[in-house]
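Q: predicted model and sequence follow; I will ask about them next.
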Amino acid sequence: QVQLVESGGGLVQAGDSLGVSCVVSGYSSYIGWFRQAPGKEREFVAAISWNEGGTWYGDPAKGRFTIARDMGKKTVYLQMHRLKPEDTGVYYCAAHRGSGSIDRIGSYDYWGQGTQVTVGQ
């Protein structure tokens with residue numbers, strides 16, 4: 001079983017940067033970040049391979065977000081730059097179940113409680 005706890009969300013203005021963190025208890029080959037805006041479906045943001053450090057990014061994140069992990073602290077970070085109002089949502093980290101596409105919600109079987117990110121105009 002894997003437990004994930006997110007932190008670091010908050011209210012920022014458009015163009016600002018913000019980092020969110022996910023502390024992971026247990027092991028998963030991949031940790032992903034997803035987000036869900038009000039009234040919209042949850043979407044893939046980024047993922048990282050725990051052992052090799054390989055990274056994947058969804059379209060909203062490419063060129064602006066960076067995912068990284070600290071193995072000693074068992075923490076995965078998502079650093080977000082040049083934030084836009086459309087980046088507003090609840091950001092979740094999740095543990096991949098070991099099979100399935102890296103960007104599909106159904107490939108993850110453990111989820112954190114989420115952290116709210118709000119980007120003002």
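A: Now that the structure is in, tell me what you want to look at.

Q: now the residue nearest the centre of the chain. Nearest residue, chain neighbours left out?
A: Centroid-nearest residue in the chain: Trp33, 2.2 Å away (criterion: Cα atoms, centre = their mean). Distances taken as Cβ to Cβ, 6 or more residues apart in numbering put Val45 closest to Trp33, at 4.3 Å, once the chain neighbours are dropped. C-betas here are computed from N, CA, C, even on glycine.

Q: how about stretch 52-64: buried residues?
A: 55-58, 60-61 (16 or more other Cβ atoms under 10 Å).

Q: in the protein, which spans are strands?
A: Along the chain, counting by DSSP state E, strands occupy 3-7, 10-13, 18-25, 30-36, 43-49, 55-57, 65-70, 75-80, 89-96, 108-111, 115-120.

Q: from the buried residues of stretch 52-64, pick the one nearest Gly89.
A: Pro60 (9.8 Å; Cβ to Cβ).

Q: neighbours of the residue nearest to Trp33, just the number please.
A: Per other Cβ atoms under 10 Å, the neighbour tally for Val45 reads 26.

Q: cool, the one 4 residues further on as well?
A: One way to gauge burial is a neighbour count; for Ser49, by other Cβ under 10 Å, it gives 16.

Q: give me every residue that touches it.
A: Ser49 makes contact with 29-30, 55, according to Cβ atoms under 8 Å, 6 or more residues apart in numbering.
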